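Visitor: Kindly generate the corresponding structure for this input.
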Amino acid sequence: MRSRPRPPPPAAADMSALCDPPGATGGARVPLSAQELSQEVKAFLSGLDPAQGTPLSPAAHARCALRLLRCLPPARHAALQHLRGLFDEQVCAHLLQREAGAANAASAASPGAEALQEARRALAELVAANPRAWAPGVAAWASELMGQLSSKYAGRPGVPPAASLNELLQLWMACPATRALLDIYSQCLAAMAGSCPDACVDALLDTSVQHSPHFDWVVAHVGSSFPATIISRVLSCGLKDFCAHGGGGGEAAALGDKRAPKMASVVGILGHLASRHAGSIKQELLRMFHESLGSSREHHKATVPFLLQLALLSPALLATVSAELVDALQPPVLNQLHQHFSALPRDELEATAGVAVHLLCHASAGALRTLRFLLATAAPASVIAAPGPALREGVREACERLLQLLLLHLQKLVHGRGAAGPAEAGARPVPFLEALRPHVRELCQDALRLERRRGLWQQQLLALLAVHSAPHGAAEALFFLLALARTPEELALAPQLRAGLRAVLPDPLPAAVAAAVAQIHAGRLPEPQLAQLLRNLALLLQPREPDGEPGEPALGAALARHLPDLAQLLLHPRAEVAEAACRLLAACPLPRALPPAHLLPAVRAAVRRFFAGLRQGDAAAPAPGARLLARLSAVSPAAAKAVLAQLVEAALGGRDAELFGGGDAEPDGRDGTAAASTAAPTAASLLDDNRRLTAGPNAAGGVWSVFHAGVIGRGPKPAGGTARRSAEELSRNTQAFLSLVLRCCRGTGPAVGAEAAKAVAAALVEAVCPEAAGAELAWPPEELARATVERDLRILRRFRRHPLLFPLLRLVAGGRPALCYCSVLLRGLLAGLVAHWDACRAGSTAASPWHLRASCALVALLAEGSLLPPVLGNMHELFPELAPFEVHLLLLSVWGYLRDNSPLPQKFTFQPRLGAFRRDFGRDADLGKHLAVLHSVLHRNIHRLGRLAARFYP
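Guide: Below you'll find the predicted structure:
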């Protein structure tokens, strides 16, 4: 009777569990008998065929190992070890065939390749049947073998370097052996992903530690296939290893402790995944961070040091999480962090703070946001607390301490770079400051708020950033401070920054001025900000004491080099900008030598600015333009002549003439004003109008039928354009203009300079009668005078239209002998007045008020300019008391004197004692014949002019 079989021992039961999955039927695979199993073991160990005694082929030997792997669990380590040789042989064969250029199909048909595929299928079946028993061991074996093969064949010809990750991945994925190993590991990881993948991930980390960087292609592929699993488990395993090696304190993280061997592997794996799975990595890191707060478990206490250590070793991970971490640091989180670190010893706390400062200095992502967070936490802008949980006092103190350490460390980094030389300094930028370079404008805006302690920290950081980014960064920071300041207190920040920078850098002020001019040219500044910049520069140039040196001589010198560019701003369409530019140039020291290409545009622009100020109607508006023109005229004699010529030309021509009562319309002969177009029709005679112009009527239908393009019966057309200005405004404008011209003519002396007066005279001739410019100064005889009747009438009309001409001639007369150069104007005016009084049929000179005033003014300025002797020069006092024909006779006597004694500069001699030119009338021709008419008129009117008679006898 056959006995019942005994149950297997427990060890045998475990072994059978390794071989047969639960629920497998006996028909799926026939188990080997004990005798067959013994023969397989002998064949595997000896390498000989048990039946024939011949050596086994590599493929047969591998199949023997696979049978033992399935049926004899204690032999699995030996079997897997033997399979290493099979995979190594296939990798070597693949590389040889690749070098020889053979087809891959040849290797696929070889016995070794068939055994390789059998091994792959066998291992896959075992892992699928019992993952908990087989997956960890097979995963460790596959990952270690891939690492060994990758390192072994790394230097072989045709194998790309480890840095070429894509090429290396393509090479090994094309190899059947390494591809099979990668598939086996992936299957093991997938089988354990739902339960406990730590063993598989640990194996990957261990191999990465030993065989990196040649093993990186495996990490990249596995991580891309299982990103969520790899990221979470790699971080978990890394944290466990960090804790196991005593990395829980801040000291280890501060020193960059490398006692945790898997840290570098964790950093490498996450670094490979960061390019495509940065969001998942960031989410997992933040999850770990938040889970660690408020927990008393040991590995949670080590989470923050672990994350700091990761950030130290991987700038990519730091950049991935830094910006979002700042957003996550809300008051509740900060309070938890403070509670978390308050229990640490002081040395560990200082070490952790040092790590945080080091990370901040080397973090570039979100640098501006991080800085503003630190400033807002350490020193809030408002004393009113925001709604929500309040921050503990220790949080603010810790943040203030962190900010101070950050500034100190940045200072060491920035000023330590300079000791290594400019070349090396440029190769070692500070990432935190480098990331702040595009935000200089925002930093300057924050610093200009001058908010308690925050302002001091912001100023220190701005100075460090300027030194770090020198030379352009220093100029840029200084430029923004000058452009954005709105009060004197804010403006004082720019000189303070410059003073600090000059201790370590060349003066950045010239570069800042050049940057400002470049910004203006590019049109990048809004008009209000441009005006503010110009006003700030002018304020810095103001002398600290009355009549002292400019406030910033270096600033003045830098601005003077950009005079042509700044002068263009005087023509800016916005009045605010043009006025600010004028004030700046008026305060700016001008170079002593200006080329004409720079001088003339500046003068023209300044003249236009001066007249624009007059148009504003404010008495103080033209002052900056007048000051600028006076300074331009003091640069050189040529500059003075250019200024005077431009002023006279603008005042007598164009639309600016109406500022002084001038215009293109012909004033009425009786009252000197234009007839209003809206005046009611009155009894008017065309014959009377023609008689006012000429001595007798012209033929009907001639050119004088319509008088000066007027309407018959209503007189001439009124002046077009703007309305007439008040007498007070005209007087104020005239006074301002003449004061400016007088300042330009005087220069540094009290009297009008002869050369300056000559320049005004030339400008007057050019403006009134350009065709007579450069004409002969000598008084022509009667025959030639008849040929200039039309020109003389045109000169007379210009004098009537421009009341400013007589004050300008009086100014010229003060600079003897400059009035001689206005001879053609004087001759034309005198000829026109003589003709008028000759044709006048009125009983009194009061009937022609303008002509009376013009006659008196002409004789007075001829006397003041020493063109007439005093006895003749006083006759204008008699004109209001005389009849028109008597005035005509007296003016003829003036004409005769000037004809006999031409107004020539040669008649004047310089008197050194007086410092001026004087004329000796004793050298002229006989004066008596020119006084006969005057004496006769006096005798005829002795009853009225007796009191004045003594003044007209030499």
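Visitor: by contact count, what packs against the one helix or strand L826 maps to?
Guide: Of the helices and strands defined by DSSP states H and E, L826 is found in helix 823-839. Counting contacts by 3 or more C-beta pairs under 8 Å, 6 or more residues apart in numbering; DSSP states H and E, helix 823-839 is packed against helix 754-768, helix 789-801, helix 849-864, helix 884-900. For glycine as for every other residue, the C-beta is placed from the backbone atoms N, C-alpha and C.
Visitor: buried sites along that helix?
Guide: Taking 16 or more other C-beta atoms under 10 Å as the basis for neighbour counts, the residues of helix 823-839 that come out buried are 823-837.
Visitor: if I look at I520, how far off is L566?
Guide: 8 Å (C-beta to C-beta, to the nearest Å).
Visitor: cool, and S150?
Guide: As defined by C-beta to C-beta, S150 lies at a distance of 68 Å from L566.
Visitor: circling back: ok, of the buried residues of helix 823-839, which one's closest to P553?
Guide: Proximity of the buried residues of helix 823-839 to P553 was ranked by C-beta to C-beta; the top entry is L825 with 45.6 Å.
Visitor: Confirm for me that the closest one is in contact with C769.
Guide: Yes. Under the criterion of C-beta atoms under 8 Å, L825 makes contact with C769 at 6.6 Å.
Visitor: which residues do these two both contact?
Guide: Between them, L825 and C769 share the neighbouring residues I795, with contact defined by C-beta atoms under 8 Å, 6 or more residues apart in numbering.
Visitor: List the residues that contact H211.
Guide: Going by C-beta under 8 Å, 6+ apart, H211 touches G147, Q148, S150, S151.
Visitor: Secondary structure of A578: a helix, I assume?
Guide: Yes. Remark: A578 belongs to a helix, assigned using DSSP: H, G, I helix; E, B strand; the rest coil.
Visitor: That one: neighbouring residues, count only.
Guide: Other residues near A578 come to 23 when the count uses other C-beta atoms under 10 Å.
Visitor: Would you agree it is in contact with Q568?
Guide: No. With contact defined as C-beta under 8 Å, A578 and Q568 do not form a contacting pair (10.2 Å).
Visitor: Excluding sequence neighbours, find me the nearest residue to A580.
Guide: Excluding its sequence neighbours, the residue lying closest to A580 (C-beta to C-beta, 6 or more residues apart in numbering) is L534, at 3.7 Å.
Visitor: tell me the contacts of the one you found?
Guide: The neighbourhood of L534, defined by C-beta under 8 Å, 6+ apart, consists of L569, V577, A580, A581, R583, L584.
Visitor: how about the CA coordinates for the host helix or strand of it, as PDB?
Guide: Assigning secondary structure by DSSP H and E places L534 in helix 527-541. The C-alpha coordinates for helix 527-541 follow below in PDB (Å, rounded to 0.1, in the frame of the first residue of the first chain):
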ATOM      1  CA  GLU A 527       6.900 113.500 -22.300                       C
ATOM      2  CA  PRO A 528       6.100 114.200 -18.600                       C
ATOM      3  CA  GLN A 529       9.100 112.000 -17.600                       C
ATOM      4  CA  LEU A 530      11.300 113.700 -20.100                       C
ATOM      5  CA  ALA A 531      10.400 117.100 -18.700                       C
ATOM      6  CA  GLN A 532      11.000 115.800 -15.100                       C
ATOM      7  CA  LEU A 533      14.400 114.600 -16.100                       C
ATOM      8  CA  LEU A 534      15.400 117.900 -17.600                       C
ATOM      9  CA  ARG A 535      14.100 119.800 -14.500                       C
ATOM     10  CA  ASN A 536      16.000 117.500 -12.200                       C
ATOM     11  CA  LEU A 537      19.200 118.000 -14.100                       C
ATOM     12  CA  ALA A 538      18.700 121.800 -14.000                       C
ATOM     13  CA  LEU A 539      18.100 121.600 -10.200                       C
ATOM     14  CA  LEU A 540      21.400 119.800  -9.700                       C
ATOM     15  CA  LEU A 541      23.200 122.500 -11.700                       C
END
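Visitor: Could you list the buried residues of whichever helix or strand comes after it?
Guide: Downstream of helix 527-541, the next assigned helix or strand under DSSP H and E is helix 553-560. Residues of helix 553-560 classed as buried under the neighbour-count rule (16+ other C-beta under 10 Å) are L555, G556, A557, A558, L559, A560.
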